[in-house]
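> sequence? don't have it. structure:
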């Protein structure tokens, strides 16, 4: 097949090394730091509740807790993610799926264990996604309890209303909202920093918590209880994975600079202020975060906190949509309906099925747990597992891609892995209090991903047995004297260098083929975006039979009519107005001699296969020119 390079759409440049600008900084604040930025709302209340004592915190305990939070933010976010993990960009894109693809390649690659780690880490992000909106919005609204306990019964119902409205608005996209997300979060960070400074003045001694010996003393003095508290301390860093996941949209430099220059100082000041308040005014009830504010500012702070938590929730929802698209392109998810909600912003997408499932589960969690204190017991298990798996993949990247010596890779990743394991172990203590929820949901997603991939591979193997080599097919057509009738048929296929089985079967069953036959294959690469010059390969294999392969990155949205228009300009005789697109709609049934799938996987794959979105919906094909052929496949 001859190769012709054709540019069909603009290919955005890699954003990993995007220069720092005010616009990029505001975008980072609005998109990346919602989860980390709102963690002061619920972290210390969860820690205080775990310590007991009815809000009484001794100076030694307060300094120990603050030191743990300080060093968790420094080691995990400032060093691990900002300096090391964010170096692991897959052509500008980040996230654990991109890292997995970078280390292990496509499919199971050469390292199935690493692929399984990456998949499970990605699946757990969905578990995190159903908890983050619930705990964030609840913790913001609970600020009214500081002003008046009369409003307490309305907190949970109001949280449900806000969450339903948030998910219901996703189909409109966030492009218009994006212009205000950054400024709102900038105001948020400035306000929480100012509140923190006020709390520090009440007990300036909290500043010595930068000394890590306070953390070690706290853990040694409190023993098992101190270890359990680490599960609540971890809440301060749960949004760390977002720095890496959003790197492709924002850029490495803006994320790093806004972290060191705005977010980290604001968080440390606020946590220090809350600890200073708890030491200076022991035994007070209510959230220490809202108690930092003067009485007249309580309700404005609740409104600002609610806006910030909605932004944090929006970020995790958008992240789930992007992760779904990546998994689909890499072959780990069935085809879902994806809608582009912006003409200019590539990342603005909407996945209805994912949106409504997340909404249902988030609302159920909000109603079932009722408060951020109870929900904090379910939060952290999924994220800590993902962070640990990210570190494991990072070690292999250091050795295989960065060519680090073993001692250096082991030392660096070993430090991070030790911290990850400590937090992971502490979060395991939360399983009985609700930590099983995100783990169970993540496990379900993981089973779906691996079952879909295995089933798809089994179907592909069966179809390969029917496919023919082009010259073999040409000879067969001549031998059988298959008639060529007027018209153009475009067969959507996953095969290259072979005549797809649907073409072979049509010729066998009907005894004829259109005079122009195009075998059109979408090849999704391991990289996020394909260079425009390498987008399209096409060639006439023999008279009247063309092969076209369209290359897409795993985050790109295919537009086949646009590709075919360009192909026509380069000699392919396709009449887009009259061409008929053919695809298959297979029905999977169980073969008792099946060796490809476990028996319990067959009905799962069959259900997914039957309900996946049709090609006409994914590839922007004209429905009136689309024909779907149903086949029965035994697995």
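Right, received. Where do you want to start? Keep in mind that what you see is a predicted model, and the values were worked out from it rather than measured.
> ranges for the strands of the stretch 401-550 of the chain?
483-493, 512-524, 536-542, 545-552 (DSSP state E, counting those that start in this stretch).
> winner for burial among those strands?
Among these, strand 545-552 has the highest mean neighbour count (mean count of other C-beta atoms under 10 Å), at a mean of 22. Bear in mind the C-beta positions are built from the backbone N, C-alpha and C, glycine included.
> element containing residue 605?
helix 601-611 (DSSP states H and E).
> in TSV: the strands of the stretch 401-550 of the chain, plus mean pLDDT and distance to residue 459.
Compiled in TSV, those are given as follows (pLDDT from 0 to 100; distance: least, C-beta to C-beta, whole Å):
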stretch	mean pLDDT	distance to residue 459
strand 483-493	88	13
strand 512-524	86	16
strand 536-542	86	24
strand 545-552	87	20
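> center of the protein, which residue is that?
residue 323 (3.6 Å; C-alpha atoms, centre = their mean).
> what comes up buried for the helix holding residue 605?
601, 602, 604, 605, 606, 608, 609 (16 or more other C-beta atoms under 10 Å).
> do a quick rundown of the strands in the stretch 201-350 of the chain.
339-340, 349-350.
> rank the ones you listed by pLDDT, which is bottom?
Least confident of the strands of the stretch 201-350 of the chain, judged by mean pLDDT, is strand 339-340 with a mean of 71.
> need the strands of the stretch 401-550 of the chain in a markdown table (columns: distance to residue 29).
Formatted as a markdown table, the strands of the stretch 401-550 of the chain follow (distance: least, C-beta to C-beta, whole Å):
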| stretch | distance to residue 29 |
| --- | --- |
| strand 483-493 | 43 |
| strand 512-524 | 32 |
| strand 536-542 | 39 |
| strand 545-552 | 31 |
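> distance from the chain centre to stretch 244-257, please.
From the chain centre to the centre of stretch 244-257 is a distance of 14 Å (C-alpha atoms, centre = their mean, to the nearest Å).
> try stretch 205-221
The answer for stretch 205-221 is 35 Å, by C-alpha atoms, centre = their mean.
> re earlier: residue 239: which of the strands of the stretch 401-550 of the chain is closest?
strand 512-524 (29.2 Å; C-beta to C-beta).
> now do that closest one: which elements does it pack against?
Judged by 3 or more C-beta pairs under 8 Å, 6 or more residues apart in numbering; DSSP states H and E, strand 512-524 is in contact with strand 483-493, helix 501-510, strand 545-552, helix 560-569.
> what lies in contact with stretch 432-440?
124, 127-128, 130-131, 365, 369, 374-375, 377-382, 385, 427-428, 431 (C-beta atoms under 8 Å, 6 or more residues apart in numbering).
> where does pLDDT dip in the stretch 1-150 of the chain?
Residue ranges of the stretch 1-150 of the chain with pLDDT under 70: 1-20, 53-55, 105-110, 147-148.
> which stretches in it count as strands?
Ranges of strands within the stretch 1-150 of the chain: none, based on DSSP E, counting those that start in this stretch.
> walking through it, point out its helices one by one.
22-31, 34-38, 43-51, 59-72, 96-104, 112-141, 144-147 (DSSP state H, counting those that start in this stretch).
> could those helices go into a markdown table alongside distance to residue 187 and mean neighbour count?
Conversion of those to a markdown table gives the following (distance: least, C-beta to C-beta, whole Å; neighbours: other C-beta atoms under 10 Å):
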| stretch | distance to residue 187 | mean neighbour count |
| --- | --- | --- |
| helix 22-31 | 10 | 21 |
| helix 34-38 | 11 | 26 |
| helix 43-51 | 21 | 24 |
| helix 59-72 | 23 | 24 |
| helix 96-104 | 31 | 26 |
| helix 112-141 | 15 | 25 |
| helix 144-147 | 20 | 20 |
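> looking at those helices, which is nearest to residue 238?
Closest among these, using C-beta to C-beta: helix 34-38, at 6.1 Å.
> packing partners for that closest one?
helix 112-141, helix 175-202, helix 240-245, helix 264-280, helix 298-329.
> any of the contacts of stretch 432-440 buried? List them.
If we count by 16+ other C-beta under 10 Å, the contacts of stretch 432-440 have these buried: 124, 127-128, 130-131, 365, 369, 374-375, 377-382, 385, 427-428.
> still on that earlier bit, may I see the helices and strands packed on helix 34-38 organised as JSON lines, with distance to residue 420 added?
Formatted as JSON lines, the helices and strands packed on helix 34-38 follow (distance: least, C-beta to C-beta, whole Å):
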{"stretch": "helix 112-141", "distance to residue 420": "12"}
{"stretch": "helix 175-202", "distance to residue 420": "26"}
{"stretch": "helix 240-245", "distance to residue 420": "11"}
{"stretch": "helix 264-280", "distance to residue 420": "20"}
{"stretch": "helix 298-329", "distance to residue 420": "20"}
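> among these, which comes closest to residue 231?
Closest approach to residue 231 among the helices and strands packed on helix 34-38 (C-beta to C-beta): helix 112-141, 13.9 Å.
> which ones are touching residue 478?
Counting by C-beta under 8 Å, 6+ apart, there are no residues that residue 478 touches.
> next one: it, what pLDDT does it get?
Residue 478 is given a pLDDT of 88.
> repeat that for residue 579.
Predicted confidence (pLDDT) for residue 579: 87.
> any idea how far it lies from residue 568?
10 Å (C-beta to C-beta, to the nearest Å).
> compare these two and say which is more crowded by neighbours.
Legend: neighbour count by other C-beta atoms under 10 Å for residue 579 and residue 568, higher for residue 579 (19 against 13).
> shouldn't that one be in contact with residue 489?
Yes - counting by C-beta atoms under 8 Å, residue 489 is a contact partner of residue 579 at 7.3 Å.
> pull up the overlap in contacts between the two.
residue 518.
> hmm, back to that, and the helix holding residue 605, what does it pack against?
Right, helix 601-611 is packed against helix 436-466, strand 580-589 by 3+ C-beta pairs under 8 Å, 6+ apart.
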